[in-house]
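> need a structure here:
(one chain, ligands or ions: 1)
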Amino acid sequence: IQVSRMLSSLVKTLGFVDGKWTNSCDGKKFDVINPANMNVIAQVPDMNKEDCQRAIDAANDAFYSKEWHNSTAKERSNLLKKWFNLLEQHKQEIAEIMTAESGKPIGESLGEVGYGNSFIEWFAEEARRIYGEIVPSPVASRQIMMTRHPIGVAGLITPWNFPHAMITRKAGAALAAGCTVVLKPAEDTPLTALAICKLAEEAGFPPGVINCITSSRIHAAEIGELLCKSPKVAGISFTGSTQVGKLLYRQCSEGIKRIGLELGGNAPFIVFKSANIDHAVQGAMTSKFRNCGQTCVSANRFLIQEEVFDEFTGKLTEQIKALKIGDGSNADVKIGPLINEAQLHKVQAMVSDATCNGAKIIHGGRHLSDIGPLFFEPTIVTDIKTNMNLYNDEVFGPVVSLIKFKTEDEALKIANSTQRGLAGYFFSQDISQIFRINKDLEVGMIGINEGLISTTEAAFGGIKESGLGREGSKHGIDDYVYIKYLCYGNL
Ligand code: ADP
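Here you go, the predicted model:
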């Protein structure tokens, strides 16, 4: 990131509570690091439980304030539109901040800002369609009506892999519904979150409607627990690891709190013998290598029918060899660093677990420490077995795990043999097979002859241990409203 950009008014280094830019109550800060070179690019407040309580109080007061509580859907829609326009005007700046703190290649960061902004536009439109219902009554003297209302304060906890879009996908829906929010962004990527909040402030949201608590990992658990247990918070929306998601779900159970969860996946990517192999290879590249493989919908297990295994593997290897690796601020770089050391060690450990148990590396497999401490070579591993971590866990890195199969039943069995069920992909030109697989693949989203499927208009979410609820689409509002039934009697 250029120094001029870092001096940009969008780089905020304070938290945002009750409409004011603020330090942590104890004055502590933590470093924000550029994973491409480990340079410290900023320091932001290491906020704790007490700061979070202030934010919850502010959000609660704002929720009941006349200005927000009595706001019309059209007024909220207009505010969201203003915010969207500002986000669009500052696309490049936000993308550069994102690349600097997450390592994401700049082209992808720009793509994410466009995607993230689209949720604000979408929910500006949806705000005006949060309709109620009038239904025929079984009793002549009665009328039955159902109306939808905001749940109250929403706690939003977001990850570093999509530092912008995971915030707007939640906040856009919450604000459209009339909720207020307390956001806790990931410790690796607070600057993108603060930039988004800065533009929300400019758009004119009343104080306390949007609050942002930056914290290091040290305080994440206490902030999370407070958000889950505070009686002033009506619901939680979380995107992140399955492990933390389960903890938050447990914590929310005490107060029977609403919770939306977008957790890890273990996406199968199946190539049947009838597939167009060039499309499949292209789909594999986008699905696997976007954000260096660090997305929850990344293909994790590649199941290739034996008749096309060699052709697919050969063509994929050629494409992988051509990927340019480096600092994501260079426009031609396609593979940036992993986000942090923990992630690098996890990827290395999973690859060595596989090779120790008989898997073979076809390409890659090295830690590229001459480029920077967090770079890992795009890798293809074959002879994957069911006892390997690469088969069972999300690798969240640039590693393709290849499994050869013979029959459709076998492929489905392997694909479904996981407790995760977020995304799945398959490539086939056989129309009956396409319908069969759609019905039986146990996931919440399917790419059919397509490797990149996320879009504002469609419902994002998983089944099994991959989550609860849907984000984006018209269903994205549901987590933030409750239905009130009104029975008019003795008419
Ligand atoms: P990752 O392993 O990819 O960092 P996490 O699920 O650990 O995924 O992190 C996602 C978000 O959850 C981050 O904002 C992180 O700070 C937050 N987080 C981590 N631990 C907890 C916790 N115990 N309670 C609440 N939030 C947490």
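> what does this structure put close to the ligand?
157-159, 184, 186-187, 217, 220-221, 224, 240-241, 244, 247-248 (CB under 6 Å from any ligand atom). Just so you know, the C-beta spots here come from the backbone N, C-alpha and C atoms, and that holds for glycine as well.
> let's see it at 5 Å
Within the chain, the positions lying close to the ligand (CB under 5 Å from any ligand atom) are Ile157, Pro159, Ala186, Ala220, Ala221, Gly224, Gly240, Ser241, Val244.
> element containing the last one?
Mapping Val244 onto the secondary structure by DSSP states H and E places it in helix 242-253.
> just name the closest of the residues of the chain next to the ligand to Asn340, please.
Ala186 (10.4 Å; CB to CB).
> wait, doesn't the closest one sit right on Leu156?
No: if you go by CB atoms under 8 Å, Ala186 and Leu156 don't touch, sitting 11.4 Å apart.
> distance check, the residue of the stretch 101-250 of the chain found nearest the ligand against Leu156.
The stretch 101-250 of the chain approaches the ligand most closely through Gly224 (2.2 Å), counting by CB to the nearest ligand atom. Gly224 sits 11 Å away from Leu156, taking CB to CB, to the nearest Å as the criterion.
> have a look at these two and say which one is more surrounded.
Using other CB atoms under 10 Å, the more surrounded residue of Gly224 and Leu156 is Leu156, with 27 against 23.
> helix/strand/coil for that one?
strand (DSSP: H, G, I helix; E, B strand; the rest coil).
> ignoring the adjacent residues along the chain, who's closest to Ser118?
Among residues not flanking Ser118 along the chain, Thr456 sits closest, at 4.3 Å (CB to CB, 6 or more residues apart in numbering).
> am I right that that neighbour is in a helix?
No: according to three-state DSSP, Thr456 belongs to no helix; its state is coil.
> what about stretch 291-298, average pLDDT?
Stretch 291-298 shows a mean pLDDT of 94.
> which residues in the stretch 101-250 of the chain form strands?
Remark: strands assigned in the stretch 101-250 of the chain by DSSP state E, counting those that start in this stretch are 133-135, 143-150, 153-157, 180-184, 210-212, 233-239.
> got TSV for those strands, with mean pLDDT too?
As requested, those are exported to TSV (pLDDT from 0 to 100):
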stretch	mean pLDDT
strand 133-135	97
strand 143-150	98
strand 153-157	98
strand 180-184	99
strand 210-212	98
strand 233-239	98
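> which stretch among those comes nearest Val44?
Of all those, it is strand 210-212 that lies closest to Val44, at 10.0 Å by CB to CB.
> quick revisit: ok, the residue nearest to Ser118 - how many residues close by?
For Thr456, the neighbour count with other CB under 10 Å is 24.
> hang on, it packs against Ile120?
No: taking contacts as CB under 8 Å, Thr456 lies outside contact range of Ile120: 9.4 Å.
> re the thing from before, distance of the residue nearest to Ser118 from the ligand?
To the ligand, Thr456 is 22 Å away according to CB to the nearest ligand atom, to the nearest Å.
> what's near enough to touch that residue?
By CB atoms under 8 Å, 6 or more residues apart in numbering, the residues touching Thr456 are Tyr115, Ser118, Phe119, Glu121, Trp122, Gly472, Ser473.
> repeat that for 10 Å
115-123, 125-126, 165, 168-169, 172, 471-473, 476 (CB atoms under 10 Å, 6 or more residues apart in numbering).
> repeat that for Thr407.
By CB under 10 Å, 6+ apart, the contact set of Thr407 is Gln305, Glu306, Lys413.
> angles on the backbone of it, please.
Thr407 adopts backbone torsions of phi -120, psi 160, taken as degrees, to the nearest 10.
> with Asp327 instead?
The phi/psi pair for Asp327 (degrees, to the nearest 10) is phi -70, psi 120.
> that one against Thr99, yeah?
Yes: in this structure, Asp327 is within contact of Thr99 by CB atoms under 10 Å, at 8.7 Å.
> identify the contacts common to the two.
Common neighbours of Asp327 and Thr99 (criterion: CB under 10 Å, 6+ apart): Asn34, Ala36, Pro105, Ile106, Val333, Gly336.
> excluding chain neighbours, what is closest to the second one?
By the measure of CB to CB, 6+ apart, the closest residue to Ala36 outside its immediate chain neighbours is Asp327, 4.2 Å from it.
> common neighbours of Thr456 and Ile120, please.
Common contact partners of Thr456 and Ile120 (CB under 10 Å, 6+ apart): Thr168, Arg169, Gly172.
> and the last one, how many neighbours?
Other residues lying near Gly172 total 29 when counted by other CB under 10 Å.
> dump the residue contacts of it.
Listed by CB under 10 Å, 6+ apart, the contact partners of Gly172 are 80, 83-84, 116-124, 126-127, 456, 471-472, 476-477.
> those in helices, which ones?
Judged by DSSP state H, helices contain the following of these: 80, 83-84, 116-124, 126.
> between those, which has the most around it?
Ile120 (31 neighbours).
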